[in-house]
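S.K.: A predicted structure for the sequence below; I have some questions about it.
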Amino acid sequence: MGVLLEVRVFGPALWLMLIVVGLSSFTVSYSILVAESARRALEVAVGSGGGVAVVYDGGSRFLLTGLVPVESKRILNATVASPEVLVPVVVSGSRIVMLRGIDPSNFSMLEQVSVAVSGREWVVVGAELARVLRVNVGDTLLIQSGLNSRVLVLKVVGFIEKSPFSSELLASIEDAQLLRGCGPGFVSIIRFRGEARLRGSGEGGYLPPAWLVRAVLSGKVSASPVGEVASRYSDAFGLSRSAVGVVSALALAVSSLAVFAAGYMGVLVRRSELSVFRLLGASRHWIFSRLVRNLGLVFLFSCLVGGILGAVFVSSLSLLFHPVEPRLYYLLVLLVLPVVWGVGVWTGLKALER
């Protein structure tokens, strides 16, 4: 009965407040998760950490557009090295995902997993991605490059559970080079375990060709630990942790302002109805506590629905936006909005007394 009374008093203003809270919650959730998951995707592209370093194209603004010669592998002070080609692809005409072209033996040694395949026209599907695509071993996937018009049909030969590859496709390095549109002597990155530097001319008994020496000296071919490479590209795209924090704060501030205005104006537009309560002797505290008690859960539900829809919308955009692990502060941030609504209502009730 209490809620029905508030519905009758506020009328359309109540529904407007609910919509504003829900949309604001959606905006905060969407903004935070897009920024965080995009930053996470850049970290995942360079692979796992744990003493792993990366040879990359120091002259490229984005990891996916750079190319380094496979010959660079010979000037590494490394125990094991895995040349890899990174290609965004469209799977079966719907999902955009990352395809990582690998040499199975080198990749297996580097990551200490078993990828026992050979030849071409095969694909190992990440476990998370397999659940989304609903594929089984023996199925075929239509793979279209996101960089050109090349298309391949690859057979699913297995799955990989290990993070961060559980949302990717692994294919032969030759097929990935075809999809990427690069020659057989080039890859996107070379991940390796060892000292994060390129050996000088003549070290280790190998004399690199002059063009490779020039590429190293100019910074075109660079080597750094995984964390440094991920930070470099994240910073270049404005996706550092501090930048993500700023985006989150701005989204929360704008949404909070909208929610505050909704609560404040929702009270003022029903000035005459609420004045009746005051004439009957109801105090501001009584009216406020009644509104919070009867409508608080309704607004909290609207806030949570908006937050969940924001998360669902982000996950449906593309699997290139890497899934972000649930964290308590996401929920706490969303819970700020109902509190701000309450402050707006309280401020509106104070304004009625003037």
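M.R.: Structure received.

S.K.: for the protein, what spans make up the strands?
M.R.: Shown for the chain, the strands assigned by DSSP state E span residues 52-57, 68-69, 76-91, 95-102, 122-126, 140-145, 151-160, 168-172, 186-187, 189-198, 221-225.

S.K.: Reformat these as CSV; add distance to Val20.
M.R.: Backbone N, C-alpha and C define where each C-beta goes, glycine included. Output for those, formatted as CSV (distance: least, C-beta to C-beta, whole Å):
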stretch, distance to Val20
strand 52-57, 46
strand 68-69, 51
strand 76-91, 37
strand 95-102, 33
strand 122-126, 39
strand 140-145, 41
strand 151-160, 44
strand 168-172, 39
strand 186-187, 50
strand 189-198, 46
strand 221-225, 46
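
S.K.: can you tell which of the ones you listed is closest to Val292?
M.R.: Among those, strand 95-102 comes nearest to Val292, with 43.9 Å by C-beta to C-beta.

S.K.: Just the buried positions in stretch 96-103, please.
M.R.: Within stretch 96-103, the residues that qualify as buried are Val97, Met98, Leu99, Arg100, Gly101, Ile102, Asp103, counting by 16 or more other C-beta atoms under 10 Å.

S.K.: Could you pull up phi and psi at Asn136?
M.R.: Reported as degrees, to the nearest 10, the phi and psi values for Asn136 are phi -130, psi 160.

S.K.: For it, which non-adjacent residue is closest in space?
M.R.: The shortest distance from Asn136 to any residue that is not its chain neighbour, by C-beta to C-beta, 6 or more residues apart in numbering, is 7.0 Å, and that residue is Val156.

S.K.: before we move on, the earlier item: which one of the buried residues of stretch 96-103 sits closest to Leu169?
M.R.: Taking C-beta to C-beta as the measure, Leu99 is the one of those closest to Leu169, at 4.4 Å.

S.K.: circling back: between the strands of the chain, which one is nearest to Val314?
M.R.: Minimum separation from Val314 across these (C-beta to C-beta) falls at strand 95-102, 13.5 Å.

S.K.: Out of the strands of the chain, the one nearest Leu16 is which?
M.R.: Evaluated with C-beta to C-beta, the strands of the chain place strand 95-102 nearest to Leu16, the distance being 36.7 Å.

S.K.: name the helices or strands packed onto that closest one?
M.R.: Other elements packing on strand 95-102 under the criterion 3 or more C-beta pairs under 8 Å, 6 or more residues apart in numbering; DSSP states H and E are helix 12-45, strand 76-91, helix 127-133, strand 168-172, helix 173-180.

S.K.: ok so, going back, closest one to Ser283 out of the buried residues of stretch 96-103, please.
M.R.: Nearest to Ser283 among these, with distances taken as C-beta to C-beta, is Val97, at 59.1 Å.

S.K.: Was I right to think the closest one contacts Val91?
M.R.: Yes. Under the criterion of C-beta atoms under 8 Å, Val97 is in contact with Val91, at a separation of 5.7 Å.

S.K.: circling back to that earlier point, who touches the residue nearest to Asn136 in this structure?
M.R.: For Val156, the residues meeting the contact criterion (C-beta atoms under 8 Å, 6 or more residues apart in numbering) are Trp122, Val123, Val124, Val125, Val135, Asn136, Val137, Gly138, Asp139, Thr140, Leu141.

S.K.: is it true that the last one touches Val123?
M.R.: It refers to Leu141. Yes. Shown here, Leu141 and Val123 form a contact pair, counting by C-beta under 8 Å, at 6.0 Å.

S.K.: Need the overlap of contacts for these two.
M.R.: Contacts common to Leu141 and Val123, judged by C-beta under 8 Å, 6+ apart, are Leu154, Lys155, Val156, Leu169.

S.K.: Name whatever forms a beta bridge with the third one.
M.R.: Right, the one you point to is Val156. With DSSP bridges applied, Val156 shows beta-bridge pairing to Val123.

S.K.: which stretches of the stretch 101-250 of the chain have low pLDDT?
M.R.: In the predicted model of the stretch 101-250 of the chain, residues 195-213, 217-218, 230, 232-241, 243-244 satisfy pLDDT under 70.

S.K.: Once you drop chain neighbours, what's closest to Ser114?
M.R.: If the residues on either side of it in the chain are set aside, Ser114 comes closest to Ser108, at 5.9 Å by C-beta to C-beta, 6+ apart.

S.K.: so what's that neighbour up against?
M.R.: Applying C-beta under 8 Å, 6+ apart to Ser108 gives the contacts Ser114, Val115, Ala116.

S.K.: any shared contact partners between Val97 and Val91?
M.R.: Residues within reach of Val97 and of Val91 at once, by C-beta under 8 Å, 6+ apart, are Leu169.

S.K.: What is the burial count for Tyr56?
M.R.: As a burial measure, Tyr56 scores 26 neighbours (other C-beta atoms under 10 Å).

S.K.: Tell me which residues touch it, please.
M.R.: So, once contact is read as C-beta under 8 Å, 6+ apart, Tyr56 ends up touching Val46, Leu63, Gly66, Val68, Ser188, Ile189, Ser222, Ala223, Ser224, Val229.

S.K.: switch to 6 Å and redo it
M.R.: Applying C-beta atoms under 6 Å, 6 or more residues apart in numbering to Tyr56 gives the contacts Gly66, Ile189, Ser222, Val229.

S.K.: Give the bridge partners for it, please.
M.R.: Taking DSSP bridges as the rule, Tyr56 bridges to Ser222.

S.K.: Done for today, thanks.
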